[in-house]
Structures are given as C-alpha cells and as structure tokens.
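*Asks:* requesting a structural model of the entry that follows:
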Amino acid sequence: MADEQSTGGEFEREPVPDSALKGPGKFWGMYAGEHAAGTEFMIGPLFLGAGASLQDLILGLLLGNILAVLTWRFLVVPIAMAKRMTLYYQLERIAGGSMVKLYNVVNGVLFCFLAGAMITVSATAVGVPLGVEFAVPEELFGLGQPSFTLLVVIVGAVIAVIAAAGYEMVARVANIAAPWMIAIFAACGLVSMAQMDVSSWTSLIANWDSAVAFVQERDPQSFSFTQIVIFAWLCNGAMHFGMSDLSIFRFARDKSSGWAPAIGMFLGHYMAWIAAALMLAAAIKLSQQSGNFEALLNSEGKVVANPGWLAAEAVGWTGILCVIIAGWTTANPTIYRAGLAFQGIFPKSSRIAMTLVAGLVATIAGAFPNLSAKLLDFVGTYGTVLGPMGAVIFVDFYLMRKFGLADEYSTHAKSSFNIAVLLAWVLPVAVGLYLIFWQGVFAAYLVIPCWIVCGLLYLVLSKVLQRPVPSYDQLANN
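*Replies:* A predicted model of the protein is given here:
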C-alpha cells in the first residue's frame with residue numbers, strides 16, 4: 001500500500017489508511033458548505049415559480065430531508081467505512097475497468113453540468129455590481145451575453161483550481177464559509193419578510209399566494225406535496241442512493257460522521273430553500289409596488305430568478321458576496337467528484353489534471369444559463385441515471401456471498417467487463433429516461449424504482465452469467 005505522501009493524501013486506488021481518517025467536524029463543515037450553498041439560491045425560487053403552496057413546502061421539505069439524512073447514514077456510511085474506497089475504484093473491482101469507464105464518463109459529465117449551474121449562480125452575483133445582464137435564453141443550450149460568458153470563465157477557473165487542491169482544501173473552504181453563509185441565508189429570509197410587511201402567519205401566506213399567482217399568470221405550473229417530499233429526498237440521489245459519497249465518507253473515522261448531511265439538509269435544503277423563495281416573493285411585491293419589472297421578467301414576460309440580483313435586493317453587498325461564495329462551495333466538491341470519475345477513465349493520470357479537466361467542462365456548461373433554470377428537472381434526471389449503480393454496490397456488498405456468488409467479481413475473475421452490471425444499469429435507466437423525456441414523468445419519481453430494478457437485475461444476471469472463480473481462501477493466501 002502506498003503511503004499518504006506518495007498518493008497526495010487522496011488514495012484514489014486503495015483503501016484509506018487509519019492514519020488519514022478524519023473526525024466528524026470535517027464532514028459537518030463540508031456538508032454545510034455544499035448544501036447551504038449555490039443551488040439553494042436557484043432551487044428555492046423555483047418552488048414558488050412552480051406553484052407550490054407554502055404549507056406544502058414547509059411540511060414536504062421537512063419529511064423529504066429527514067429521509068435523505070437517513071439514507072446517507074444507513075445506506076452509504078456502513079459501506080464507505082467497511083471498504084474505504086472511492087465509488088469509482090469499487091465499481092472497477094465489481095464491473096471491470098472497461099465497463100466502469102463508460103459509467104465514469106456519464107457520471108463525470110453530469111456532475112460537471114451540476115457544477116456548471118453553480119458557476120452560473122456565482123457569476124450572476126459578480127455581474128450585479130458590474131451591470132452585466134443575466135439573460136436566460138429560451139434554448140436549453142443558448143449562450144448568455146458575451147460579458148456574462150466571460151464572467152463564467154473567470155469564476156470557473158478559480159473554482160477549478162480550488163477543487164484541484166484536493167479534499168483537504170475543499171473541506172477547509174467549506175468549513176470557513178459555511179457558518180457565515182447560513183447566517184446570510186437566514187438574514188435574507190427575515191429581510192424579505194420585512195419587505196413584504198409580514199406581521200403574522202396569515203399575512204405571510206397572503207404574500208406567498210400573491211407571488212405564486214403573479215408567476216402562474218405568466219407560466220402556469222403545479223408542484224404537489226408529494227413532489228416536494230420526493231424531490232427533497234432524492235435531489236441528491238446520485239450521492240446517497242448512487243453511492244457517490246462513498247468517495248467522501250471513506251475518510252470517516254466513526255459512524256457519527258454519517259449524520260453530517262443533516263446540517264446541509266436542514267439549514268440548506270430546508271431553511272435556505274424557503275428563505276430563497278421568500279426573496280423572490282419579496283422581489284415580486286416590490287416590483288408590483290414600483291411598477292418596475294425590468295430585472296424580474298425576461299423578454300418573454302416570464303419570471304426569472306436571478307440569484308445575484310435577488311440577494312442584492314435583500315441584503316445588498318453582503319448578499320452578493322454570499323451568492324458568489326455559495327456557488328463556489330457547491331461547485332468545489334462537485335468538481336472534485338467529477339475529477340475522480342475522470343481519473344477512473346484514465347487511471348494513470350493525476351487527480352489534479354483530471355479535476356482541472358472537470359473544471360473546464362463545468363465552466364463550459366456554466367456558460368448556458370438555462371441549465372441552472374432547469375435544476376428541478378435536471379437533478380431528478382441525474383439521480384435516475386446515476387443512482388441505480390449504487391444498487392450494484394449495495395447488492396455486491398450485502399447479498400452476493402449470501403447467494404453463493406463472488407463479490408467484486410471482475411477483480412476475482414480478472415475480467416475487464418462485467419456484462420451483468422452493464423445490463424442491470426442500462427435497462428432500467430433507458431426505461432426511466434423514456435418516461436421522463438417522452439411521457440413527462442417527474443424525474444425524481446424514478447430514482448428509487450430504477451435503483452430497485454437495477455439491484456434485482458444485477459443479482460439475477462450474476463447468478464446466470466458468473467463463472468467459477470478462485471475461492472476466497474485461495475485469494476486470501478495469494
């Protein structure tokens with residue numbers, strides 16, 4: 001086993017040794033920084049724009065986030081601490097190097113698109129004092145203004161360099177920024193209620209319903225209680241059901257670190273989402289009072305949630321800084337994960353080089369503003385695509401030996417391609433994508449069905465396709 005110095009402290013292709021394990025504080029800070037961050041400034045207003053009631057939002061987010069925390073703690077952490085490998089290296093041992101490269105391409109690119117949305121968020125804040133317009137084109141891959149694209153390039157370069165410095169740097173940035181950002185989110189919500197002259201629960205509901213009606217007149221939508229619960233639970237489906245955060249929790253010294261996502265869920269995906277939605281409600285009311293809708297509506301007359309502008313309207317320069325840093329702390333670990341995925345494609349490459357490549361792809365994605373405006377759809381889709389592979393790891397860890405099958409089959413059989421894994425992953429995902437794009441099914445609904453089907457298919461196909469491999473006793477003696 002290589003020592004910590006020779007691996008740069010990252011241990012991409014070996015179990016993390018005891019000497020490199022980290023205490024719970026590193027994880028609480030990172031999850032607070034990642035999930036009370038840039039996505040919150042985009043997703044919160046999208047709930048209002050989609051027509052969700054405030055009562056449904058408050059109760060639905062509570063239930064969904066509890067389920068998300070439990071999934072991280074009891075699905076991901078036990079396997080992460082037992083194996084102490086990255087997601088990508090574990091999959092390589094199960095599925096084979098050639099097959100997992102395909103998964104790593106999909107995984108890395110989708111994470112880059114998510115990081116790109118966060119780069120867009122940070123750029124909106126940089127653009128506020130510079131007078132750079134945040135224009136969202138109708139086309140999904142339509143570019144914004146050239147000046148905005150330049151801001152995206154600059155912000156993306158800074159974020160990529162930080163992510164390339166490794167997990168320790170990513171965690172340090174999050175630890176420093178998280179407490180301050182959480183306070184600013186709360187301040188944004190309180191100031192927004194003051195701007196709406198909220199004096200009671202009744203007046204808060206009235207202002208919310210008025211803002212929803214304003215948006216619905218221009219772009220009718222509906223978002224139910226069930227959708228809110230499922231979205232809150234599974235918007236990070238690739239990270240917990242998909243086991244991506246094995247790469248994070250492999251550094252955990254004890255299981256208590258597994259509760260760290262709670263701070264991100266309840267201060268980020270609960271308080272911050274609601275606070276960000278209230279910023280949009282306040283901006284709508286102020287625009288109605290002043291008659292100035294220039295910053296609120298796009299050229300088609302639809303409401304545009306510009307994170308930088310909304311935060312500036314609420315708390316001024318402090319809000320601008322918060323949006324910049326919030327996008328940064330979300331994109332950092334996401335690009336870090338994507339870099340690990342790309343390194344799985346090119347094992348002899350350095351993690352730093354692959355992280356910089358991931359940063360480049362994310363920056364290109366960030367140049368398309370409409371990607372960030374489609375986050376409610378995108379995160380469900382990437383959970384549907386990436387989540388099912390976590391079922392392969394779950395079944396391999398808990399069930400293979402119980403059914404008389406070899407776990408980590410490709411390693412034991414010296415195979416570079418496990419066809420059982422490919423079929424188990426591709427078949428349910430193909431059906432899921434068909435239902436999303438051709439039947440209009442809400443993407444987050446499909447994460448768990450695809451996960452379950454993938455796991456069952458992997459077990460059944462392995463029973464049919466596995467050939468005998470050396471016994472575990474023989475392997476242990478070699």
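*Asks:* distance-wise, check the nearest residue to Gly264 once chain neighbours are set aside relative to Met271.
*Replies:* Once flanking residues are discounted, Gly264 sits nearest to His35: 2.7 Å by CB to CB, 6 or more residues apart in numbering. No exception for glycine: its C-beta is placed from N, CA and C like everyone else's. Distance, His35 to Met271, by CB to CB, to the nearest Å: 11 Å.
*Asks:* please apply the same query to Lys348.
*Replies:* 44 Å.
*Asks:* the two: which is more packed in?
*Replies:* Met271 (19 against 5; other CB atoms under 10 Å).
*Asks:* now do the phi/psi pair for the more buried one.
*Replies:* Per-residue torsions, Met271: phi -60, psi -50 (degrees, to the nearest 10).
*Asks:* for it, give me its contacts.
*Replies:* 36, 182, 185-186, 189 (CB atoms under 8 Å, 6 or more residues apart in numbering).
*Asks:* what does Ile119 give?
*Replies:* The neighbourhood of Ile119, defined by CB under 8 Å, 6+ apart, consists of 152, 155-156, 159, 327, 331, 362-363, 365-366.
*Asks:* Phe378 contacts Ala117, doesn't it?
*Replies:* Yes - between Phe378 and Ala117 there is a contact under CB atoms under 8 Å: 7.5 Å.
*Asks:* these two: who's more crowded?
*Replies:* Comparing Phe378 with Ala117 by other CB under 10 Å, the one with more neighbours is Ala117, at 29 against 18.
*Asks:* okay, and the spatially closest residue to that one that is not a sequence neighbour sits in which element?
*Replies:* Of all residues not flanking Ala117 in the chain, Ser372 sits nearest, at 3.9 Å (CB to CB, 6+ apart). Using DSSP states H and E, Ser372 maps to helix 370-373.
*Asks:* for Ser244, which three-state class applies?
*Replies:* coil (DSSP: H, G, I helix; E, B strand; the rest coil).
*Asks:* neighbours of Arg401, how many?
*Replies:* For Arg401, using other CB under 10 Å, the count is 12.
*Asks:* residue contacts, the most centrally placed residue in the chain?
*Replies:* Closest to where the C-alpha atoms of the chain average out (CA atoms, centre = their mean) is Asn236, at 5.1 Å. Listed by CB under 8 Å, 6+ apart, the contact set of Asn236 reads 35, 68, 379, 383.
*Asks:* tell me how far the spatially closest residue to Asp197 that is not a sequence neighbour lies from Glu408.
*Replies:* In space, and not counting its chain neighbours, Asp197 is closest to Ser203: 7.1 Å by CB to CB, 6+ apart. For Ser203, the distance to Glu408 equals 59 Å [CB to CB].
*Asks:* more neighbours: which of those two?
*Replies:* Just comparing Ser203 and Glu408: by other CB under 10 Å the higher neighbour count belongs to Glu408, 19 against 13.
*Asks:* how near is that one to Phe27?
*Replies:* 26 Å.
*Asks:* same check on Ser410?
*Replies:* 30 Å.
*Asks:* next one: Gly383
*Replies:* Noted for Gly383: a distance of 21 Å to Phe27, by CB to CB.
*Asks:* give me the more crowded residue out of these two.
*Replies:* Ranked by neighbour count (other CB under 10 Å), Gly383 and Phe27 place Gly383 first, with 30 against 27.
*Asks:* now do the SS call for the residue nearest to Pro347 when sequence neighbours are not counted.
*Replies:* Setting aside the residues directly before and after it, Pro347 is nearest to Arg13 in space (CB to CB, 6+ apart), at 6.8 Å. Under three-state DSSP, Arg13 falls in the coil class.
*Asks:* Ile66 - how many residues pack around it?
*Replies:* Neighbour count for Ile66, taken as other CB under 10 Å: 17.
*Asks:* pLDDT score for it?
*Replies:* Here, the pLDDT recorded for Ile66 equals 98.
*Asks:* so Val229 sits against Ile58, correct?
*Replies:* No - with contact defined as CB under 8 Å, Val229 does not reach Ile58; the gap is 11.7 Å.
*Asks:* these two: which is more packed in?
*Replies:* Legend: neighbour count by other CB under 10 Å for Val229 and Ile58, higher for Val229 (21 against 12).
*Asks:* which outside residues touch stretch 73-89?
*Replies:* Here stretch 73-89 has contacts from 11-16, 90, 93, 100, 104, 107, 239-250, 252, 255, 257-259, 261, 340-341, 343-344, 390, 393-394, 397, using CB under 8 Å, 6+ apart.
*Asks:* among those, which lie within strands?
*Replies:* Among the contacts of stretch 73-89, no member is found in strands (DSSP state E).
*Asks:* any quick PyMOL command for the buried ones out of these?
*Replies:* In PyMOL, a selection of the buried entries from these looks like this (16 or more other CB atoms under 10 Å):
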select buried, resi 11+12+16+90+93+100+104+107+239+240+241+242+243+244+245+246+247+248+249+250+252+257+258+259+261+340+341+343+344+390+393+394+397
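*Asks:* from the contacts of stretch 73-89, which land in helices?
*Replies:* In this view, these that belong to helices under DSSP state H are 90, 93, 100, 104, 107, 246-249, 261, 340-341, 343-344, 390, 393-394, 397.
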